[in-house]
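[1] prediction below, plus the sequence it came from.
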Amino acid sequence: MESNKEKMVDDVGSVVEAIAANDENTAEAPLYEVESFCMRCTQNGTTRFLLTSIPHFRKVLLSAFECQHCGERNNEVQFAGEIQPRGCNYRLEVQSGDQKMFNRQVVKSESATIMIPELDFEIPPEAQRGSLSTVEGILVRAIDGIQTLQEERKKVDPQTAEAIDQFLLKLRACATGESPFTFILDDPTGNSFIENPFAPSPDPSLSIKFYDRTPEQQASLGYLVDSSQLNESAAGTSMEETSNDVDQIRRQPHGSVGAAAGQRAIAQSNSAEISEALFRYSAPEEVMTFPSTCGTCAAKCETRMFVTRIPYFQEVIVMASTCDACGYRNSELKPGGRIPEKGKKITLYVKNTDDLSRDVIKSDTASVRVPELDLELASGTLGGIVTTVEGLITKISESLDRVHGFTFGDSLDESKKNKWLDFKARLNKILSMAEPWTLILDDALANSFIAPATDDIKDDHQLIFEEYERSWEQNEELGLNDIDTSSADDAYNSAGVASKEKTEE
């Protein structure tokens, strides 16, 4: 302890700089102490900082405050790594009487919100910020927080206190497993997590969705956002409240539903890699350049766009932006044309190392399956990417390590650890082509593609394309059931009839 006291620093900024210097060797990261203000007794206490890493999840900065004068203590978890490209939404269906569900570990970042729709209950980001707990622990902590000032409320406002008591009865019933409920964890930074005890297999009670942040969420996280974007978003929200259903669908965030989702497949790699992959098929006839604004530093930059056609696939639009001021680079791959009437299922039988080099375009509406591994990724996972078969499996492995945290550690059951080690071994086995395996892409919007190994796609017997009719549920998820084009059709038909009559005259 004496050695720690010798490492006293003056401010948190110095702590962060010292931690950054030790970033490459976090196993030997020292404990830092900062003198800080106690909110209870107004004296000075001590805050200790320690950088550590949760295996296969994130680097975190643990802080613990203790006041020697009044005994006040608290702790907090802050994420030392980067903000993820997309936000995450975890939805856990908790059945009554299932006590194991309450032992699932939960990481809640300082920007995450927890909701229980059945009770219309929400834990905002400011409450329980940066906590590492379980489902039961979070509910119990919420109950204790609400219960704290009940005696004072009963004296000042007995009616409100009575209503809160009734609510606490319902919340306790959920916390003890007497009532089923839905536990939703939403984090725009993508740094929160709910444990999946069945990992790497899917969890029937847990669903994970990734989404693009709104301009307001970007601004709340400290990103530079053009004021016009915020104004447009606010105006869109205001108009949605008074417009019809068609307007509401059209004004929802880009890529969230319906036609917008069909026009988007973000390629999460740099411009050079995308260009190299697409130029293998055809070079652009014309590259268009138009001014734009950098999303990071708000400086003026240029966006280049060209349209090209991939044989046996469809027309695609490639857009790339580069900022000379801060070096930020971004690229997007968007499908061209209308929304296909049918979905598409692509099956590739991977038999040799050459198949690992096949080009793959996976849109953000495509799901991925590898039957030999009992592996299935829902649509939206990984977003839209342009890569190879080998690159896709590697990204899946990295994503599983990130999403399914607590893969190793002292608290993990030995059987679960062996299960995960066995899965990783089988994953490495298929990448080394020790045995043939199958890759299946199922895209309800038919915006995904695997390149054939032959000049004529019909001669590639390892690659199978199947079209199918989308189910009502798939159309509902994509927003296609609510699209009403009758007005446009009537206008088009009326114009066609008028034109025909004029020609006859």
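    Noted; the coordinates are in hand. Numbering: from 1, shown residues only.
[2] for the stretch 351-500 of the chain, which spans come out with low pLDDT?
    Low-confidence segments of the stretch 351-500 of the chain (pLDDT under 70): 401-413, 484-485, 488-489, 491-492, 495-500.
[3] what segments of it are helices?
    389-403, 414-431, 472-478, 486-504 (DSSP state H, counting those that start in this stretch).
[4] out of those helices, which gets nearest to residue 106?
    With Cβ to Cβ as the measure, helix 389-403 is the member of the helices of the stretch 351-500 of the chain nearest residue 106 (13.7 Å). Bear in mind the C-beta positions are built from the backbone N, C-alpha and C, glycine included.
[5] quick one: buried residues of that closest one?
    For helix 389-403, a neighbour-count test (16 or more other Cβ atoms under 10 Å) marks 389, 390, 391, 392, 393, 395, 396, 397, 400, 401, 403 as buried.
[6] give the contact list for the fourth one.
    Each residue near residue 392 by Cβ atoms under 8 Å, 6 or more residues apart in numbering is listed here: 360, 362, 368, 385, 439.
[7] residue 214 is nearest to which of the helices of the stretch 351-500 of the chain?
    Nearest of the helices of the stretch 351-500 of the chain (Cβ to Cβ): helix 472-478, 19.7 Å.
[8] show me where the stretch 1-150 of the chain has helices.
    Assigned by DSSP H, counting those that start in this stretch, the helices in the stretch 1-150 of the chain fall at 2-5, 12-21, 135-147, 150-156.
[9] comparing the ones you listed by mean pLDDT, which bottoms out?
    Least confident of the helices of the stretch 1-150 of the chain, judged by mean pLDDT, is helix 2-5 with a mean of 42.
[10] from the chain's centre, how far out does stretch 196-211 sit?
    Chain-centre distance of stretch 196-211: 13 Å, with Cα atoms, centre = their mean, to the nearest Å.
[11] which parts of it are buried?
    For stretch 196-211, a neighbour-count test (16+ other Cβ under 10 Å) marks 196, 197, 199, 200, 202, 203, 205, 206, 208, 210, 211 as buried.
[12] and it, how far apart are its ends?
    Length of stretch 196-211, first residue to last, Cα to Cα, to the nearest Å: 20 Å.
[13] how about stretch 428-442?
    This stretch, stretch 428-442, spans 23 Å end to end (Cα to Cα).
[14] show residues contacting it.
    Counting by Cβ under 8 Å, 6+ apart, 343-353, 356, 360, 362, 366-373, 389-390, 392-394, 448, 450 sit against stretch 428-442.
[15] try it again at 7 Å.
    345-353, 362, 366-372, 389-390, 393, 448, 450 (Cβ atoms under 7 Å, 6 or more residues apart in numbering).
[16] in strands, which of these appear?
    345-350, 362, 366-370, 450 (DSSP state E).
[17] which of these tops the neighbour count?
    residue 366 (31 neighbours; other Cβ atoms under 10 Å).
[18] dump the residue contacts of that one.
    379, 441, 442, 443, 448.
[19] the first one and residue 365 touch, don't they?
    Yes. Applying Cβ atoms under 7 Å, one finds residue 379 in contact with residue 365, separated by 5.1 Å.
[20] between the two, which one's more packed in?
    Each of residue 379 and residue 365 had its neighbours counted (other Cβ under 10 Å), and the higher figure belongs to residue 365 (25 against 21).
[21] so the more buried one sits right up against residue 470, yeah?
    No. Counting by Cβ under 7 Å, residue 365 stays clear of residue 470, with 10.8 Å between them.
[22] quick one: common contacting residues for those two?
    Applying Cβ under 7 Å, 6+ apart, one finds that residue 365 and residue 470 are jointly contacted by residue 444.
[23] any low-confidence regions in the stretch 101-250 of the chain?
    If you take pLDDT under 70 as the line, the stretch 101-250 of the chain has these spans: 200, 224-250.
[24] go with 80
    128-132, 197-202, 222-250 (pLDDT under 80).
[25] got the residue ranges for the strands in it?
    105-108, 113-116, 121-123, 131-134, 181-187, 193-194, 206-211 (DSSP state E, counting those that start in this stretch).
[26] just checking: what are the partner strands of the last one?
    Just to be clear, that refers to strand 206-211. Strand pairing for strand 206-211, using DSSP bridges, gives strand 87-94 (antiparallel).
[27] the first one now?
    Based on DSSP bridges, the pairing partners of strand 105-108 within the sheet are strand 131-134 (antiparallel), strand 193-194 (antiparallel).
[28] okay if I get the ones you listed as a markdown table plus distance to residue 38?
    Shown next, in a markdown table, are these (distance: least, Cβ to Cβ, whole Å):
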| stretch | distance to residue 38 |
| --- | --- |
| strand 131-134 | 20 |
| strand 193-194 | 31 |
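[29] so of the ones you listed, which one's packed in deepest?
    When you average the neighbours per residue for each of those (mean count of other Cβ atoms under 10 Å), strand 193-194 leads with a mean of 26.
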